[in-house]
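Q: I need the structure of the sequence given here:
(chains A and B)
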Number of protein chains: 2
Amino acid sequence: MTNHRDAALEYARQHKTEFLDSLKEFVAIPSISTDPDAKNEMIRAADWVAARLKALGVEKVVVMPTDGHPVVYGDWPCAPGRPTMLVYGHYDVQPVDPIELWQSGPFAPEVRGENLYARGTSDMKGQVMATLDAIEAVVKTGNLPINLKFMIEGEEEIGSPSLAKWIEQNKSLLAADFCLNPDSGMMGKEYPTITYGLRGLSTFELRVSGPSGDLHSGIYGGVVHNPAVALAELIAGMHDADGHVTIPGFYDDVPGLTEAEHVDFARLPTDEQYYLEKTGVPALWGESLYLPDERVGARPTLEVNGMISGFTGTGFKTVLPAKAMAKISCRLVPHQDPKKISAGFKQYLEENAPKTIRWELIDMKGAPASISDVNQPGVKALEKALEAVWGTRPLFKREGGSVPVVGQLQSLMGMESVLTGFGLPDDNLHAPNEKLHLPTWYKGIEALVHLVFNL
Amino acid sequence: MTNHRDAALEYARQHKTEFLDSLKEFVAIPSISTDPDAKNEMIRAADWVAARLKALGVEKVVVMPTDGHPVVYGDWPCAPGRPTMLVYGHYDVQPVDPIELWQSGPFAPEVRGENLYARGTSDMKGQVMATLDAIEAVVKTGNLPINLKFMIEGEEEIGSPSLAKWIEQNKSLLAADFCLNPDSGMMGKEYPTITYGLRGLSTFELRVSGPSGDLHSGIYGGVVHNPAVALAELIAGMHDADGHVTIPGFYDDVPGLTEAEHVDFARLPTDEQYYLEKTGVPALWGESLYLPDERVGARPTLEVNGMISGFTGTGFKTVLPAKAMAKISCRLVPHQDPKKISAGFKQYLEENAPKTIRWELIDMKGAPASISDVNQPGVKALEKALEAVWGTRPLFKREGGSVPVVGQLQSLMGMESVLTGFGLPDDNLHAPNEKLHLPTWYKGIEALVHLVFNL
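A: Residues are numbered from 1 along each chain as shown, chains lettered A, B, ... in the order given. Presented below is the predicted three-dimensional model:
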């Protein structure tokens, strides 16, 4: 096996140009999932992935319909008795606006310096291709030592709305030991990273109303509780002065950080200065007892995502608005139950909303947080693989965001995901001039070669 | 003179049909000042008023241009040595949307029961006509015992933007002992009302920003002070639990109510139940030490007129918004200085805005409050006139709203206005099915006949 591993690594090093050319072909397809006019491009991208899988030698490759864009499914049971790895990916990309800020066309891939520029290079066509390229390196130099399955979807950038149903209907096709999900990123080019926790989400729309219609503020101001003011008062009460959320029971199920976890967080290179620079805020905010990374990764949060009331156009209208609305979402950590959070939110309103207004809470969808067992074989194999290439133990990170498929696989199939990826923090994800750092990407391909042999 | 008064009152009673027909003609003109397509109708309405003044016998009548819609000016110096009354009115009306809620066409006047329905019947073509009809009754039955001037503008419903400049340029034409402004209303059909105070206004736009762009709430939530939350916290701090405004110095120049003023407020029929019914709120709000009418009429207030941040469309976007904005206005009572209020507002922000956000305060226009001397001859004459017709002492009211022309005449010319009118609280001002209660209107004409003789 060692010889095969070395041969595969050598193959990967020898085929950088072919790998890059292949990626350029893939990112040239404008597969913007949210664009209703891009339907044909979506099918083109799915077919392109299917053809690539077939070229690799994958036994069964099907472009399967869903309620939305299709999923490319592949099954390659070539190593009976050995572990099965499900490779997750998505072939869709974000929109390209504002187009005028791109230095080269978003779908005209261009290498400048050490980077390849185009939409999807980092998120995540480049990551999908790194995985397929690593597999190619292994199969071109010997027999694949594990079984593989593939699930490459086309709706990640719009929240994977059709995927849960499709997974539910295709559980047996998907059965595997774990899912490799390379849709996460690195903390820096010297920091290979494994993401082991993702936060969940509870979303609400809070509507406050008072008068039956907009009122003349001069005629009724003084006797009517202004719904915008009342909403502001309710929102203001949702955090204390230290940025703690005051919703009843909000922290009940939040596990304390272990010393080991705290040590891992403290190793992360993203300090206060990092967050100041990345966000542009004049000063950081939040729970002072926790490191910035802990607040983002391991602590639940509550945010107002949107808020509207009354007259917001140019000029002035001295109206006393009839209603006010806020969209509010909570990022949840593992063990927090979205249902319990909703109940606490309702309780907060019952206890704090004044009698001078009416309120309505629309409970939107929620999803629990997910956390992977860092001791599962898949994580251990990946840890060793990343260390082999970078010469440093990878960072273990909990991410603030939610990746729908991770929660779906966990709740629907009990399947753990192992999250990594070779994108960098400055890759301009979802922004103009998205790029991929090629030296890092080539290292990633080598790490994935190692992974195949480590399982 | 007593004979002349009786004759004039008798003339008014005999000409109800003619008065109504004339009003119907006037309200049939769709003079919506805010509608750019209604420019010709505006000129038609101004010409109609001018023709009516000429028919009355007014010596000098001119439709005078302004930067916006014209002012109809009239001068009738027919009683040397006697007082001069300037009659204010406006010939423009509010828009008619939502048109589908009107039972009859907004510009197709229709009598149903005791009411005349059409846009402008109550606000304020009906009030203008009541004044001209009363004058007609006087001049058709003898010599006019006072001097009259007229200023009938066409931009009241859009905030009289061109009027201040026009007044400034025509001070000598407007010189008079006082201004009769019948653009105010009654508290109920049994309650003739004189409005002697109007609140002033300070308006602000408060902009809060934090991150340089919208952020992913999962990636940065927990370390960034959400601008929508920060704005909500600032707004929430602007009132205490009793509805008191906390802006530094806000109440410094607010005069306490005299016992006599309090007695007049307590006489008003608009109690808590009235405000509950008119507004539809579940409970009243505000400074508990003051009567509802005092809160609305004699106390300064602070309202959020509009508020916006982040994503407010359908569905959800878990964005951490880069900025949030609120439009805020303060209604001021006499002696409060809009400049001092602005300074206090700025001080509040300097003291309370956290270092985690940036803020900007746009100080829009302000206007001081106005209050009339209730002992001036014009008020006394009107008080006697209303009492003669209704058999009850009129109510003295301070209104929460601001009427630009009243402040303009006071600050530019030192001229006091006497505010009254014969519209009722249920006249649907600015709403579908605006109407005028005809029996009350006829009484109003008689009261104005009395006024002419009382001066």
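Q: Tell me how many other residues crowd residue A:77.
A: 12 (other CB atoms under 10 Å in any protein chain shown). Where you see a C-beta, it was placed from the backbone N, CA and C, and this is true even at glycine.
Q: Now for it: which residues touch it?
A: Applying CB atoms under 8 Å, 6 or more residues apart in numbering or on different chains, one finds that residue A:77 lies in contact with A:59, A:84, A:147.
Q: Let's see that with 7 Å instead.
A: A:59, A:147 (CB atoms under 7 Å, 6 or more residues apart in numbering or on different chains).
Q: care to break chain A down by domain?
A: A:2-198+A:370-454, A:200-264+A:296-367 (automatic domain parsing).
Q: With mean pLDDT added, can I get the ones you listed in JSON lines?
A: Formatted as JSON lines, the domains of chain A follow (pLDDT from 0 to 100):
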{"stretch": "domain A:2-198+A:370-454", "mean pLDDT": "94"}
{"stretch": "domain A:200-264+A:296-367", "mean pLDDT": "91"}
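Q: I'd like those domains as JSON lines, with distance to residue B:344 appended.
A: Shown next, in JSON lines, are the domains of chain A (distance: least, CB to CB, whole Å):
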{"stretch": "domain A:2-198+A:370-454", "distance to residue B:344": "40"}
{"stretch": "domain A:200-264+A:296-367", "distance to residue B:344": "18"}
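Q: Looking at these, which is nearest to residue B:253?
A: domain A:200-264+A:296-367 (17.5 Å; CB to CB).
Q: Report the distance from that closest one to the chain centre.
A: Its chain's average C-alpha position is 24 Å from that of domain A:200-264+A:296-367, according to CA atoms, centre = their mean, to the nearest Å.
Q: okay, how far is it across it, tip to tip?
A: 5 Å (CA to CA, to the nearest Å).
Q: Same check on stretch A:163-178?
A: End to end - CA to CA - stretch A:163-178 spans 17 Å.
Q: Any figure for the gap between the residue nearest to residue A:336 when sequence neighbours are not counted and residue A:339?
A: Nearest non-adjacent residue to residue A:336, counting by CB to CB, 6 or more residues apart in numbering or on different chains: residue A:253, 5.1 Å away. Distance of residue A:253 to residue A:339, given as CB to CB, to the nearest Å: 11 Å.
Q: just to revisit the earlier point, please work out how many residues are found near the residue nearest to residue A:336.
A: Neighbourhood size, residue A:253 [other CB under 10 Å]: 15.
Q: would you say it is within a strand?
A: No: assigned with DSSP: H, G, I helix; E, B strand; the rest coil, residue A:253 falls outside any strand and is coil.
Q: tell me the contacts of it?
A: So residue A:253 contacts A:335-337 (CB under 7 Å, 6+ apart).
Q: and of those residues, the nearest to chain B?
A: residue A:336 (14.2 Å; CB to the nearest CB).
Q: Could you dump the contacts of residue A:253 into CSV and include secondary structure and neighbour count?
A: Formatted as CSV, the contacts of residue A:253 follow (DSSP: H, G, I helix; E, B strand; the rest coil; neighbours: other CB atoms under 10 Å in any protein chain shown):
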residue, secondary structure, neighbour count
A:335, coil, 13
A:336, coil, 25
A:337, coil, 17
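Q: In space, what's closest to residue A:69 - neighbours in sequence excluded?
A: Per CB to CB, 6+ apart, closest to residue A:69 is residue A:154, 3.2 Å.
Q: and the gap between that neighbour and chain B?
A: With the distance defined as CB to the nearest CB, to the nearest Å, residue A:154 ends up 19 Å from chain B.
Q: pretty sure that residue is touching residue A:72, no?
A: No: with contact defined as CB atoms under 7 Å, residue A:154 does not reach residue A:72; the gap is 8.1 Å.
Q: Spell out which residues are contacts of both of those two.
A: residue A:46.
Q: May I have the secondary structure class of residue A:95?
A: Under three-state DSSP, residue A:95 falls in the coil class.
Q: can you pull the contacts of it?
A: Residue A:95 touches A:32, A:34-35, counting by CB under 7 Å, 6+ apart.
Q: just the residues you listed now: which is nearest chain B?
A: Nearest member of the contacts of residue A:95 to chain B, counting by CB to the nearest CB, is residue A:34, at 11.8 Å.
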